[in-house]
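# Predicted coordinates and the sequence they were generated for:
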Amino acid sequence: MAATPDQPATTTPRRKAGRHRGEGQWAVGHHTPLNGNEQFKKDDDGLHVRTRIETIYAKRGFDSIDPDDLRGRMRWWGLYTQRKPGIDGGKTAILKPEELDDRYFMLRVRIDGGRLTTAQLRVIGEVSREYARGTADITDRQNIQLHWIRIEDVPAIWEKLEAVGLSTTEACGDCPRVIIGSPVAGIADDEIVDGTPAVEEIHDRYIGDKEFSNLPRKFKTAVSGSPVQDVVHEINDIAFVGVVHPERGPGFDVWVGGGLSTNPRLAERLGAWVPLDEVPDVWAGVVGIFRDYGYRRLRNRARLKFLVADWGPAKFRQVLEDEYLKRPLIDGPAPEQPSRRWRDHIGVHRQRDGRFYVGFAPRVGRVDGSTLAKIADLAAAHGSDRLRTTVEQKMLVLDVAEDRVDSLVAGLEALDFQVRPSPFRRGTMACTGIEFCKLAIVETKARGASLIDELERRLPDFDEPLTINLNGCPNACARIQTADIGLKGQLVLDADGNQVEGYQIHLGGALGLEAGFGRKVRGLKVTSAELPDYVERVLVRFQEEREEGERFATWAARASAESLS
């Protein structure tokens, strides 16, 4: 018998009335915590843990920390325990959290919009040198992460950061994370609209506010009015993308429900145009939907992308308008295709005021405290007080006079920061990896840096835009599914049958131009030792087989399995 709208075609037995606990959605009355994370958030708001850190834990030491604070609430203040040294990747999924925990922390400094002053960067460098053994990593969400932090030092670190206007508030946890923004907001001569006021108002109104401090899971935001589309808007929970309405002028197109990890999904347009001054209200409405209707029963379904997938953009927009904004949104146009292939702002570019900004490339985002201070000093010596981080683990110096550009470039390159990098230096990113991350299976940062060196030596004439993203586990913090060559860390067998570190290969992912996820070829895995040989081989085949002007992602989508192996 054919299925009808009221009779599903499956034979799955119906749940008994009253037995189904639902998805843990507050808006439909499911307020009883259904897992440990929801319980500790109900027991005490994550924002409250700061007082205990300052008055108890910093004074009594690591052993005094309550487990729910240690592996839960402390994230609301940017603190994660880091991985205990010497634990190999084969034990990541086997050991208990307390066996993986080191007695030191990663501390994430929140940098909304990637905006930094020279004074702020200098203080981050100082904190790194004094409290973090010199460590510092620029992340692909514009933050800076430090390692080897002792709980005893956290109050002093907060004091130093907050004295220059920085914080770690809600840098991690089930709350609104850093708001990523165009690193050239307000200065680019081709900008559609400057999103900086919206980023600032969202931050000032809502970050650290208990209205949104208990969400089902993390919530990621992107705001950019650049035609380059430089904030990976397709993979954020909410994104505001610059567009020009034919009747109302510059504003933003709204996207919701993007995300990667083990269930990747591209965001969808709501079809709504929002003026700059209404962005914070629309943002709050979307976060409110996530808080109230988001799935809290299972952690692996607790991201907004699952709700958007179930509802669809039309219903999502209707609920936003009817229940949260109490007014209709204005229909608007889709954004144009990105205005150029590279979206990272590397190189020397003229600002709208006639001065210049200079974008430069560290190796896979890894820097150190002393070098951060040198960058700040170098920028200041060339008349700049402003810097920016990017979503590609890069950095910009703004406001440089034309006659000072060459000197600044020379100073940056003396620090091994390339302003005119190879495609490999420019396009390679890596997550934290097994060095510090408790979820990781393989090493990433050093492997990415050595891969850059090998490819520059082997393929010195390769000049096509290319992204190579290395991730230490399946969680895709380094966006493996959207890279030309995405490398997902896992344990593999070498030629002798030994289990060693390696990567599953994803090929042909992209954001911006023809956004989509990379192709996986059955059985295509390489050991870490084989990685340079493999990447060289596939890039040579690309050069041999590509059509005129064809991008790597387009070629990878049509190439034979043999060409990709």
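Received, thanks. Numbers count the residues shown, from 1 in each chain.
# what pLDDT does Thr12 get?
If you check Thr12, the pLDDT there is 33.
# ok, now Gly225?
At Gly225, pLDDT is 98.
# residue contacts, it?
Neighbour list for Gly225: Ser182, Ala185, Glu191, Ile192, Val193, Asp194, Gly195, Gly242, Pro250, Phe252 [criterion: Cβ atoms under 8 Å, 6 or more residues apart in numbering]. C-beta: built from backbone N, CA, C; applies to glycine.
# what do you get if the cut-off is 6 Å, keeping everything else the same?
Each residue near Gly225 by Cβ atoms under 6 Å, 6 or more residues apart in numbering is listed here: Glu191, Ile192, Val193, Asp194, Gly195, Gly242.
# element containing the second one, please.
When secondary structure is defined using DSSP states H and E, no element contains Ile192, which sits outside every helix and strand.
# Would you check that Leu564 makes contact with Arg522?
No: at 10.7 Å, Leu564 does not count as touching Arg522 under the criterion of Cβ atoms under 6 Å.
# These two: which is more packed in?
Leu564 (20 against 5; other Cβ atoms under 10 Å).
# ok, for that one, nearest residue in space, not its chain neighbours?
Excluding the flanking residues, the one nearest Leu564 by Cβ to Cβ, 6 or more residues apart in numbering is Val521, at 5.2 Å.
# For the spatially closest residue to Glu530 that is not a sequence neighbour, grab phi and psi.
Closest residue to Glu530 apart from its sequence neighbours, by Cβ to Cβ, 6+ apart: Gly502 at 7.6 Å. Per-residue torsions, Gly502: phi -160, psi -170 (degrees, to the nearest 10).
# Number the residues from 19 up from this point.
New numbering, starting at 19: the last item is Gly520.
# Let's have the contacts of Gly243 in a markdown table, adding distance to Val274, neighbour count and pLDDT.
A markdown table is the format used below for these (distance: Cβ to Cβ, whole Å; neighbours: other Cβ atoms under 10 Å; pLDDT from 0 to 100):
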| residue | distance to Val274 | neighbour count | pLDDT |
| --- | --- | --- | --- |
| Glu209 | 23 | 20 | 97 |
| Ile210 | 20 | 21 | 98 |
| Val211 | 19 | 24 | 98 |
| Asp212 | 22 | 22 | 98 |
| Gly213 | 17 | 28 | 98 |
| Gly260 | 17 | 26 | 98 |
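# Kindly indicate which of those residues lies nearest Lys102.
Gly213 (40.8 Å; Cβ to Cβ).
# Which residues lie in contact with the closest one in this structure?
With Cβ under 6 Å, 6+ apart, Gly213 has these contacts: Gly199, Ala203, Val241, Ser242, Gly243.
# Okay, and the beta partners of the residue nearest to it when sequence neighbours are not counted?
Nearest residue to Gly213, sequence neighbours excluded (Cβ to Cβ, 6+ apart): Val241, at 4.0 Å. Here Val241 sits in beta bridges with Gly199, Phe258, going by DSSP bridges.
# Lys238 against Asn254, yeah?
Yes: counting by Cβ under 6 Å, Lys238 does reach Asn254; the two are 4.7 Å apart.
# Compare neighbour counts for the two and give me the winner.
Asn254 (26 against 20).
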